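Peer 1: Generate a structure from the sequence data that follows.
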Amino acid sequence: SMHVYHYANYEIAAIRKLMGRYGVCEEKVDNLLRNNVFVDLFNVIRQGVMLGTPNYSIKSIELIYRDKRSTEVGSGGDSIIVYENWRENPDGDTWQTSETLRSIRDYNIDDCNSTQELTFWLRELQAQNDIRYSGPEGEGEKEISEEVTALTLLRDQILARAEACRSENEKHSILLETLAWSLEFHRRESKPTWWRFFDRMGWSSMELHDDMDCLAGVTRTYTPATKASSRKNATTLWEYAFDPDQPFKGRAKTFSVLGENKLKVRVEAYDPEKGIITFKSSKKIPDIIDLIPDENIRAFPIPHSIKMVVENLLATDFRPCAIADFLTRSRPRVCGNPCGALVPEDGDLLQNIISTAVNLDRSYLCIQGPPGAGKTYTAKHIIGELLKQGKRVGISSNSHKAILNLMKGVASYVEEQGIKSSLVKAGGDKTDPIFEKDNVHYIQNVKALTIEDNLCFGGTAWAFCDDVAENQFDYLFIDEAGQVSVANLIGMSRSAENIILMGDQMQLGQPIQGSHPKESGMSILEYLLENQATISDDLG
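Peer 2: You can find the predicted model right below:
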């Protein structure tokens, strides 16, 4: 029943940032947010009280309930400037001996006092106008599932091992930390999505109007509601109109209706030019609605696959394999090429690259370079040679578009060369022109895949982390690797003996310096570029 009163969003944002950065107190912070412990008085003022002030800054509105401040520092911005001046020319080491530090301290105390006085003043207004509390009741402490508890225990065990071996083998210690944090990567990754969702649920229609992912003021048209199909329990289609000039990306397919408990609608048709949108819903929808996108993406089976890989690495004491080589940033193992340049400099460059790739010994390779360097051209020749040898090849990326782009190159190449092969793509747009080719087929998901030799299969991380894909591929190509997280790569590694990573390292800016316990959140190329630990030649 405790409440923490604050003004504007800074306090909550800072606590979320600290929790995400250091991975501590996650359940405690969730409980505070879930139980509405934080009360933003800025929102109370802005939505509940009309004031004759130029803005809703606490410095402006406090003139109504208290006298003008007497402290020397006038604002938060002033305090930063004053503090920087003190750092350059200190007039004492502590607030007791420094007039500058004392003035900043007095300002902060005054800020806290003003927030408390604002709370008292609002309660007086509430009592005078007989206004009752309308905030939602807290949910209590959330029960943690056994699965999450098991992951947390495994994470802590691995972190303990990492700490124990830090002084003797720092490289192995960092590897263990990366594996430990990868176990909870997706659970941590989903938190900001849920925070953003619940923040939006407290916004006004005007605020939602300015959010390009939300749709505000959507109004029912005169078109009668119709059944989506002739089935008895078919859902109903509802047509609505919205302002075509409202900034709206139109990406989400499912929305929650503001102010309607657990009411969700799914977009069936959308015409941005006419400002018409049709929803599918089994429940009646109000005539005027504001929509908040459901952006949470179900990560299963990726976390499960990550756990399987981590447990296998620990059980085999990091037996040489592609993902272990990658995570330790080791030189790729190539049959007949134990040291020196990965790709011989003499002879035909493309043929030398192909030779290096097809001779990988349960390891990984990077093909990196800017747009137009020839990454896709090189990859389709490597894949063509692998298919010619009867290998089973996987192609993955964060987007179906990137996967299809490489598969189109492969499809054309094997057709030109008369290479016996079968290309199969799971998920995405089944109307893509690539499926008009006789040797390219579409399936709904990986469970419908028939594993055979000379197979080139394209799918996202969800496909390659599925149990049916375990140990089914000789090679896995990851396109646009700069956008794929290390955690997802760990999960996908279970499906293939060798991994080839393709991407533009310059998309990442400057390499990250130093290591971080949450390296599982890095992209693949960020991980390799840390400390300039680049392990490939310019294969592109």
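
Peer 1: For the residue lying closest to Val334 once chain neighbours are set aside, grab the count of nearby residues.
Peer 2: Spatially, and ignoring its direct neighbours in sequence, Val334 is nearest to Asn359 (5.2 Å; CB to CB, 6 or more residues apart in numbering). Glycine gets a C-beta too; all of them are placed from N, C-alpha and C. Residues near Asn359, counting by other CB atoms under 10 Å, number 14.

Peer 1: And Asn359, how close does it get to Ile478?
Peer 2: Distance of Asn359 to Ile478, given as CB to CB, to the nearest Å: 19 Å.

Peer 1: I'd assumed Gly336 was in contact with the residue nearest to Val334.
Peer 2: Yes. Contact criterion CB atoms under 8 Å: Asn359 and Gly336 qualify, at 6.2 Å.

Peer 1: where does this structure have low pLDDT?
Peer 2: Residue ranges of the chain with pLDDT under 70: 71-76, 135-148, 232, 507-523, 525-540.

Peer 1: Longest helix in it, by number of residues?
Peer 2: Longest helix in the chain, counting residues (DSSP state H): helix 99-128.

Peer 1: Might you calculate how far it sits from the centre of the chain?
Peer 2: Distance of helix 99-128 from its chain centroid, counting by CA atoms, centre = their mean, to the nearest Å, is 38 Å.

Peer 1: Glu311 in helix, strand or coil?
Peer 2: What DSSP: H, G, I helix; E, B strand; the rest coil gives for Glu311 is helix.

Peer 1: That one - nearest residue in space that isn't next to it in sequence?
Peer 2: Leu154 (7.7 Å).

Peer 1: residues contacting that neighbour?
Peer 2: Ala180, Leu183, Lys307, Val310, Glu311 (CB atoms under 8 Å, 6 or more residues apart in numbering).

Peer 1: out of those residues, which are buried?
Peer 2: Buried subset of these (neighbour count, 16 or more other CB atoms under 10 Å): Ala180, Leu183, Lys307, Val310.

Peer 1: would you turn these into TSV with secondary structure and distance to Ser495?
Peer 2: Shown next, in TSV, are the buried ones among the contacts of Leu154 (DSSP: H, G, I helix; E, B strand; the rest coil; distance: CB to CB, whole Å):
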residue	secondary structure	distance to Ser495
Ala180	helix	22
Leu183	coil	19
Lys307	helix	15
Val310	helix	15
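
Peer 1: For the helix or strand Ala150 falls within, which residues meet the burial criterion?
Peer 2: Following DSSP states H and E, one finds Ala150 within helix 146-164. Neighbour counts over helix 146-164 (16+ other CB under 10 Å) mark Leu151, Thr152, Leu154, Arg155, Ile158, Leu159, Arg161, Ala162 as buried.

Peer 1: same question, stretch 207-221
Peer 2: For stretch 207-221, by 16+ other CB under 10 Å, it's Glu207, Leu208, His209, Asp211, Asp213, Cys214, Leu215, Ala216, Gly217, Val218.

Peer 1: Could you check how far the closest residue to the fifth one other than its chain neighbours is from Ala180?
Peer 2: Just to be clear, that refers to Asp213. In space, Asp213 comes closest to Pro293 once its chain neighbours are excluded; the distance is 5.0 Å by CB to CB, 6+ apart. Note on Pro293: its distance to Ala180, by CB to CB, is 32 Å.

Peer 1: Kindly report the same for Thr219.
Peer 2: 51 Å.

Peer 1: Could you report the neighbour count for Gly384?
Peer 2: Neighbour number of Gly384 under other CB under 10 Å is 21.

Peer 1: contacting residues around the spatially closest residue to it that is not a sequence neighbour?
Peer 2: Among residues not flanking Gly384 along the chain, Tyr413 sits closest, at 4.9 Å (CB to CB, 6+ apart). By CB under 8 Å, 6+ apart, the residues touching Tyr413 are Lys380, His381, Ile383, Gly384, Ile419.
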